[in-house]
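[1] take this sequence and fold it.
(chains A and B)
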Amino acid sequence: MLRLRLRHAATALALALPLLAHAASAEEFTVTSWGGAYQDAQRKAFFEPYTKATGVKLNEDQWSGELAKVRGMVQSGSTSWDLVSTDPKTAELGCNDGLFERLDYSRIGDTADFAKGAELECAFGTDVYATILGYDPTKLKGEAPKSVADIFDTKKFPGKRGLQKVPADNLELALVADGVPYDKVYDVLKTKEGQDRAFKKLDTIKKDVVWWTAGAQPPQMLAAGEVVMTTAWNGRIADANKNGQHFTMVWPNQVQGFDMWVIPTGSKKIDAVYDFLKYYYQPKNLARITDYIAYAPTTNAALKMVSPDILPDLPTAPQNMKGAIVQDPEFWGDYGTELEARFNSWLAN
Amino acid sequence: MNTAAIARPAPIGHKRRRIRLGAFSLGLPLLAFLLVFFVAPILYLFQSAAYDPAIKDSLPRTLMTLQDWQGGSLPGESTFDGLATDLRELDRARNVIALAQRVGMEATGGRQLIMKTTRAVARAKGPVTSQTFASIDPLWADPGFWQVLKSGGNGVTPLYLTIGMGLHTPYGSAESGDDNNYGFPTIFLRTVVISIVVTLITIVLAYPTAYAIVQNDNRLGKWLLAAVLIPFWVSLLVRSMSWVVLLQGNGLAAELLRALGLIGPDAQLLYTRGATLVAMAQIQLPFTLLPMLGVMRGISPSHMRAARSLGAKPTYAHLKVYLPQAAPGIVAGGMITFILSLGYYITPALVGGPADQMISYYVARFTNEELNWNLAASLSVLLLLLTILCLVAMRRFLRLDRLLK
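    Below is the predicted model:
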C-alpha cells in the first residue's frame, strides 16, 4: 500500500515538475557582459551562486560595448537584454541617449559606501579595472617600459603594438605621452586644440598599431608574437599569467574605469534584475569577484573582506596608483559620440 | 524562310498572342520574386538615401511657427515656445537621439547642442524664452542655424548623398574644421582601385592556366581544373579565415618567407593592402578563369596550325590568331571579377587594415554599428551608380558590344 502510494506521489511529482520549471523560467533573465576571463569570473562569483540560492536562471550573452546593439533593441521595442555590464563612458553615453533605465538606488543598497564616481544616473560600478600596458619580457629586450604611455615611444620600443579600437583611453594616453600631466588630460581634451594634439600624437604610431576589439585579444596577440606590447585590461593579463604565461604589467599612468551594471530601456524583467542587484551588492558577495579576477570591488565594506594576498594585484593598490588616470564619464558622455566619429574617420584614411 | 516555317505556317492573330502570353506566364513567378525581393528594396534604398523625417517628426510645433519665417533675423518668441514644448515632449519620451544625430550631421556640435538644450529646458523652472535658449548656447541666437533647422524640416534632404560624395560642409565647420567626414570619395576611389588590381591579377594568373588546361586534354589538365574548382566550392568565409591563419605573425606563410629571407623579422603580412589583394584575387580566380576556359575550348586548334603553316612564329601566331579569339572570355571573366570585387566586404574586413576597407564595409558599419541607415542607403545608392558608370565606361572603351556578340 505504502509503496503504491509512494509511486503515485512520484508520478504526481514528475507531472508537476515541468510546471515548477515553468514557474521558475518566468523569472529568468538575460545578463550580458564582456566575455572571456571577466565573464567567467562573474559566472563563478555571482551567476552560479545566485541561481543555486534562488532558482532564478540567468541566460548569458556577451558584447564589446557596441552601444548600437542596444540602440537597435530599444528603437525596435524588442529589448532582449535585461542587465548589461559596461564601462563609465558607454554607460553615460547610453544614459544620455535614453538607452538605459534611470536606476532606483533604494532597491539596491546603501550608496553612501560606494567609491567616488561609481554611482551614475543609469549605472553603478561593480568593480574597478585598469587599462595597463602588457608585454612579453622574453621578446622585449633592453630597457623596460616605465609607463603605459610608453606605448607611443616607437624609438625605444620598435615593432607592432596593440591598442583598443576606441578613442577612450588612447586619447588620454596620447596626451600623457605628449607631455600633459596625467591629472590635466581631461581639461586639455575638452578643447579643440587638445583633441587635435591627441590625434596628432596617435598619427605618429598609426602604422605600427594592431587594433583589438575584445578583451581576450591582447593576451592572445602577445602570445602569438603579433605585437611587442599592448594595452590590456589588467585582469586579462593576470588571468593569462595564471594560465602559464609570463607577461609583465606596467602600472604607472594606468587608466582606471568601473565595470558597471545598466538596465536597457524597456526590459521586461526589471523586478527580477533588482532582486539580483540587491544580492550582488551585499559586501560578502561583491568581494567574491577578487577570488576569480584581479578587479577591486566598489564598496568599502566589500574591500575590507578581500584577502590580503590579493590586494597588491588590484588596480586600487597604492603601489599601482602612480599617475593613475580615472576615466571621466561626464567627459565621455558629452564628447564621446563626436570623438568616436572623428576616431573612425581618422582610422579610415 | 526556313523549311519549318513552310511546313507549319506561323500562327496568326489571337493565336500568336496566346502563345506569347503562355510563354510570358512561365516567367511570372520569377518576375514576382524579383519585384518583391529586388526591385522594391532598391526603391526603398533610393528613398532612404534622400528622405529622413527626424526633424519633421521631432519638432512639429517649432516647424509650424517657422512656416512664415523668411530668415535674415531671429524667429519670434512663439517659435522658441514651440521648441521648448517639443524638446520637453522628446525628453519625456526619452526620444531625443534621432533629432540630435541628425542636427549633429547638419551643423558642427549640433548633437551636443540638442542634448544639452533638451536637458536644460526639461529641468528649467519658470518660462523659457529666446533669452534662455541664447544663454544655453549662442547658436540659438544665430539666424543661419535656424535656416538649417527649417530646411531640414522638409523630410526630403540632399544631406546623405552629399555626405557620401564628400560635398557636405556642416554648418559652422568653416571655423572649426570638419574632422568627422570619413572622406568617402577617397574610399570610393580605393574601392575601384582595389577592384581593378584584383581583376588584373586574376587575368594574369588565369590566362596561362586556362590555356594549359585546354591544351592538355589529359590527366594534367584535369588536375589543374580540379585545383581551380575545389577552392571555388569552399565558402568565402572559410577561405578568408584561412588567409588570416596563413598570414598571421607566426603563420605558415610568414614563417616560410622569413626562413627564405624574403621579409624582415618584424614585417607585417596580415592587416595590409597586400593581404587584401592576394586573398581577394585567390577567391576571385575561378570567376575570371571559367568564362575564359569556355571560350578557349571553342577555339579550333586548326586555326593555330594554319597560322604556323603560313610561317608565323608561335608567339606571333598566338598574339594574332589565338588572343583575339580568346578576348571575349578575358573580358567576360574580368568583368565578373571587377563587379563582384566592387562589393567586397568580408575579406578586406578580415585580412585588411583599417585603411584597406572598401565602401561595403562602411555600408555595414553605418547599418549595424552607427544605426545611421540613411547614410548606409546613400552609400549603397552611390555604389550602385558607380558600378553602372564603370560598366558604361567599359562598354565604350573596351567595345564590349563587339566582343560579346
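[2] residue contacts, residue 263?
    Picking chain A for this. A:82-84, A:100-101, A:103, A:122, A:270, A:273 (C-beta atoms under 8 Å, 6 or more residues apart in numbering or on different chains). (Glycine included, C-beta is placed from N, CA and C.)
[3] wait, I meant chain B there
    Counting by C-beta under 8 Å, 6+ apart, B:Ile263 has contacts B:254, B:257, B:269.
[4] tell me the SS of the first one?
    Following DSSP: H, G, I helix; E, B strand; the rest coil, we place B:Ala254 in the helix state.
[5] next, count neighbours for the closest residue to it other than its chain neighbours.
    Nearest residue to B:Ala254 in three dimensions, chain neighbours excluded: B:Leu269, at 5.2 Å (C-beta to C-beta, 6 or more residues apart in numbering or on different chains). When neighbours are counted by other C-beta atoms under 10 Å in any protein chain shown, B:Leu269 registers 20.
[6] please report phi then psi for B:Leu269.
    phi -100, psi -50 (degrees, to the nearest 10).
[7] you'd agree it is up against B:Asn250?
    No - contact criterion C-beta atoms under 8 Å: B:Leu269 and B:Asn250 do not qualify, at 10.9 Å.
[8] mind giving me TSV with the contacts of B:Ile263 and columns for pLDDT?
    Rendered in TSV, the data for the contacts of B:Ile263 read as follows (pLDDT from 0 to 100):
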residue	pLDDT
B:Ala254	83
B:Leu257	89
B:Leu269	87
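[9] in JSON lines, list those along with distance to A:Phe343.
    Shown next, in JSON lines, are the contacts of B:Ile263 (distance: C-beta to C-beta, whole Å):
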{"residue": "B:Ala254", "distance to A:Phe343": "29"}
{"residue": "B:Leu257", "distance to A:Phe343": "33"}
{"residue": "B:Leu269", "distance to A:Phe343": "26"}
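[10] any idea which of those residues is the one closest to B:Asn180?
    For the contacts of B:Ile263, the residue nearest B:Asn180 by C-beta to C-beta is B:Leu269; the value is 31.8 Å.
[11] got the residues of chain A near chain B?
    Contacts of chain A with chain B, taken as C-beta under 8 Å from any C-beta of the partner chain, map to A:66, A:68, A:71-72, A:75, A:96-98, A:158-160, A:192, A:199, A:210-211, A:224-226, A:265, A:334-335, A:337-338, A:341-342, A:344-349.
[12] list the contacts for the residue lying closest to A:Ile310 once chain neighbours are set aside?
    Closest residue in space to A:Ile310, ignoring its immediate chain neighbours: A:Thr290 at 4.9 Å, by C-beta to C-beta, 6+ apart. Applying C-beta under 8 Å, 6+ apart, one finds that A:Thr290 lies in contact with A:296-297, A:306-307, A:310, A:314.
[13] please check the residues you listed and keep the buried ones.
    The neighbour-count test (16 or more other C-beta atoms under 10 Å in any protein chain shown) applied to those identifies A:296-297, A:306, A:314 as buried.
[14] of those residues, which belong to strands?
    A:296-297 (DSSP state E).
[15] related to what we said a few turns ago, among the contacts of A:Ile263, who's most crowded?
    Most neighbours among the contacts of A:Ile263, by other C-beta under 10 Å: A:Phe100, with 30 neighbours.
[16] measure how buried whatever residue of the stretch 151-300 of chain A ends up closest to chain B is and give me the count.
    Proximity of the stretch 151-300 of chain A to chain B (C-beta to the nearest C-beta) peaks at A:Glu226, 4.3 Å away. A:Glu226 has 22 neighbours, counted by other C-beta under 10 Å.
[17] try B:Ala312
    By other C-beta under 10 Å, the residues close to B:Ala312 number 16.
[18] before we move on, what about B:Gly72?
    The burial count assigned to B:Gly72 is 9, neighbours taken as other C-beta under 10 Å.
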